[in-house]
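> only geometry, no sequence info:
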């Protein structure tokens, strides 16, 4: 009979190996899925994982795209990971991302068409503040009324989506083109444009912000008492209280950081790659970032790689859609499977499989 | 000559790294009161779990009334007349008494009939119970009655009792013993697990002693002295802790008429608590589990906040201060639950040293952690308190109970406090570690610190305490000098046995 | 004036229809949580039911078979969750999220060819003379069978939890899994069965959306219904009849909001359509702020993994 036996210490080997194994298994299962859809599995996998970077035909377009797609994922995932470590489940990053974008765009549209170096920094602050504010709703409800933050943060995504629609159709609609939903294109407003910093690299201010966030989070989690308290609260809440951690303060800090980073991601997106406030602006980065956070083991440095990988699947997915007519939803399935495999594999980090003679589990 | 009810022959069971039971054989006669004696970790639980069908032996066999007996699950054991009263983990707070009883029975009658039977049986054995009450609202003693009644309703031939008196006052223990003797005289055999020697000498007619998974002896406990039994159980001679005479200093900790609601819906609120603790004094607080011990510790450690002025440290109000602020002022605490409260199970010893030591040991600067310093601190604790572990990189949950307890208490003592509050400092700890811990607390008091020990182990309190009080339903008795107190007086202080007396007399 | 144009009987009827999907999902999740498991994948299992139910119904022409397929679809995802959380001891929150993300993606893929099709009609149950009673007939007795089934299901779950031995064991497992194990109950088996039941219910709820309420298949069409069902369980303090009351209350808000939209109130549609989510949050706040009372009912072992140590 097979039984699981808890390890005395989690296996370091499997902790590091599992994400790679999960990616491999996902490719395998994805290949089977593509075959079932009647596509050549090898070509599809190649198109998704290799061609965006290595193919001569596509790479010139898709290489810069990699950073553009990955930066918001990393930015959001870093914030989420801090919260997840503390056992605070903010799963509404998508909403915080939207509100951050609206705040940022709002500042820009308010100044339009005035020039000024200070406009973009103001937008950055407004974006972070917007996301922070939106995250404070579940935070304050949690600390004041003990309301479940998972449900509130998630439900607020739907509210944010409707605010986005209302803005795109109403307040922020481009007055010069009243026939079309959507705001002015911020890429054509120089003072507010989050432009590429180095041509053809995809590096914009969001990429820089993501890097700073990663370093900041890494230092905080490994060297600072706050990071220690975050982990303590996640692993043993009563011990944390004994160690002087205030649960309420931690909820506010964790949700606040995650919200501000998600808001920043939204602001950099709307003022750069996204360009304008549209109904379809939100593309699920906030949810994919949850997968990024887990795949990166909630470790800021590893999240960089996880973010790049999932950014790659976005671009590869577009390519596969274009070249092989593989439905865009296939990529979503891919991402879901990745998380499943990772979670499933993780049992061997904490448990050992043993074969025993007829013992009951 | 009694007939043999249960015969164990060569039972063995291994877990990775430990041989929990090694070739154990003995017999229990019908109607016999058989004690199973041993320290924590001696293999008592594993052995009874095999009899009750929760664990399968690796080798050996059991015979019940001569027939082979190998229960693969508890229901099979129950069908064969084996019942068990657990020390922990077998009641459901949010379910009522009747439902709790029904869950432990094979073929329970409809709940209404069952309620009537619970009333009858519980009255008959002097253990009154209201079948419709939620178990979460019952006292520890009442909860145990639920377990016992659950077993009695199935007419057991063998009743296994796992450390039954650890949750009872001395008077309640008396009542329990009367119930058990009645059962025994009716022909029910009892397998009585304990490490309390006097109890076993008073109750049992045969004892099997385990040490390190092996049987060391089967004897008649009434023919041995408590000391002889202890030596068999521990395998070495123990010296009682030294207690130098010492004068007390000024009052350092004061609680004044404090009432405080528990933060746990099934917890016990503190009611009108007053106490004073002087430098150099060891105050022992007794009480049956669940009478407000947890809340008292949380209130003193700062995890449960109170009005500022009603708790004072060296005259200064501290009732509304957070744990770390209190530590900085010289008040430290060690809660009962080692894993998950006093220590984070999945963190290593360095991190666990930092947990409460960051302030007093200056292990942080502007919020940035001095990991080197934290590791040195952890090593210091390990060496000074003889914590058996490969090093500070080991996870807390990988340590044995005794070693982790030495680490946790050692950590707080190393913080050089003015006042230390500990709850159940030696619970589930082997005798040698327990002696080390008690001695360390006495040494600390000798250096002039005030020590407050909350414990359910009366022997322990009588060993270390200068003064004595008891908690009962959240109320604290006045503090009395420990010298000259009798067990009966302590029992009365612990209280709460009144209704059982009445019921028992009515039943007889 | 606006409210005056709404017929209360029609409103009541529409309310019951609007409430049914989340009621079905919620009653399933209630049982799951009573067994001590938090499955945050309700949204994923619902959308799975919506999609599979739709596909099966269109291909067989039978809505009933469609519903059966939906229940199986929900159970299939639930089985995955059970495998992860019960056999492989994964984190329940993360696994539930994975289930939702996976379900949304998979159904977008599976349902691609079914966008824009009308499913076979589910006939309403003929209750004869009852349907002709003035007001009451229009409000309560002209529904399809699933509406009544959902109410029967609530009653059945209530009876099961309160009076049956199996229900008592399920509650015991959810309250204290260590104790249940010590008494010899198979904690994992009870939990797996509960999870499967929850999956089937969520699947049915999803199919009700795609086959009756909308009726059409569109990608991501549950738009948070599964999350609202989860909130409903908290609102109900894990009591079946309160889940029914909560679902109908919620249905009322949805219908009222739709009626206001239709009546052309001067509030933009986007703001009106937020209201169900905002009301849900508000209700959560009210319930959770009632200190202790609601949480006393919460199963003691909810969201705690169980691994037998011996």
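Received it, and whenever you're ready, just let me know what you need. Quantities reported herein were computed from a predicted structural model and do not represent experimental measurements. Numbers count the residues shown, from 1 in each chain, chains lettered A, B, ... in the order given.
> And whichever residue of chain B sits closest to chain C, how close does it get to residue C:186?
Residue of chain B nearest chain C, by CB to the nearest CB: residue B:74 (3.1 Å). Every C-beta, even on glycine, is put in place using the N, C-alpha and C of the backbone. Residue B:74 is 11 Å from residue C:186, where distance means CB to CB, to the nearest Å.
> go on, residue A:117?
68 Å.
> ok, the two, which is more surrounded?
Remark: of residue A:117 and residue C:186, residue C:186 carries more neighbours, 17 against 7, as counted by other CB atoms under 10 Å in any protein chain shown.
> what about residue 241, neighbour count?
Going with chain A. 23.
> not what I meant, chain C
By other CB under 10 Å, the residues close to residue C:241 number 12.
> what does residue C:88 give?
So residue C:88, with other CB under 10 Å, has 18 neighbours.
> got a list of what it touches?
A:343, A:344, A:346, A:347 (CB atoms under 8 Å, 6 or more residues apart in numbering or on different chains).
> switch the cut-off to 10 Å
Applying CB atoms under 10 Å, 6 or more residues apart in numbering or on different chains, we find residue C:88 in contact with A:4, A:343, A:344, A:345, A:346, A:347, A:348, A:350, A:351, C:82, C:95.
> How about residue B:368?
Applying CB under 10 Å, 6+ apart to residue B:368 gives the contacts A:219, A:220, A:223, A:224, A:225, A:226.
> wait, isn't the third one in contact with residue B:367?
Yes: taking contacts as CB atoms under 10 Å, residue A:223 lies within contact range of residue B:367: 9.0 Å.
> Please say which of those two ends up with more neighbours.
It is residue A:223, of residue A:223 and residue B:367, that has more neighbours when counted by other CB under 10 Å, with 16 against 13.
> so how many other residues sit close to the residue in the stretch 1-150 of chain A that chain C sits nearest to?
For the stretch 1-150 of chain A and chain C, the shortest gap (CB to the nearest CB) falls at residue A:145, measuring 3.9 Å. Other residues near residue A:145 come to 17 when the count uses other CB under 10 Å.
> Ok, residue B:113 next?
11.
> Doesn't it belong to a helix?
Yes: applying DSSP: H, G, I helix; E, B strand; the rest coil, one finds residue B:113 inside a helix.
> Pull the contacting residues for it.
Taking CB under 10 Å, 6+ apart as the test, what residue B:113 contacts is residue B:98.
> so where do the helices sit in the stretch 101-250 of chain C?
All helices of the stretch 101-250 of chain C, identified by DSSP state H, counting those that start in this stretch, fall at C:136-140, C:145-163, C:165-175, C:177-182, C:187-208, C:225-235, C:240-262.
> Okay, buried residues for the longest one please.
By neighbour count, with 16 or more other CB atoms under 10 Å in any protein chain shown as the criterion, the buried positions of helix C:240-262 are C:240, C:242-244, C:246-248, C:250-260.
> Mind telling me what element residue 96 is part of?
Let's take chain A. Using DSSP states H and E, residue A:96 sits in helix A:93-111.
> wrong chain, I was asking about chain C
Here residue C:96 is assigned to helix C:92-110, by DSSP H and E.
> can you give me the offset of that helix from its chain's centre?
16 Å (CA atoms, centre = their mean, to the nearest Å).
> sorry, back to before: residue contacts, the closest residue to the residue of chain B closest to chain C other than its chain neighbours?
Once flanking residues are discounted, residue B:74 sits nearest to residue C:184: 3.1 Å by CB to CB, 6 or more residues apart in numbering or on different chains. Counting by CB under 10 Å, 6+ apart, residue C:184 touches B:52-54, B:71-78, B:103-104, B:106.
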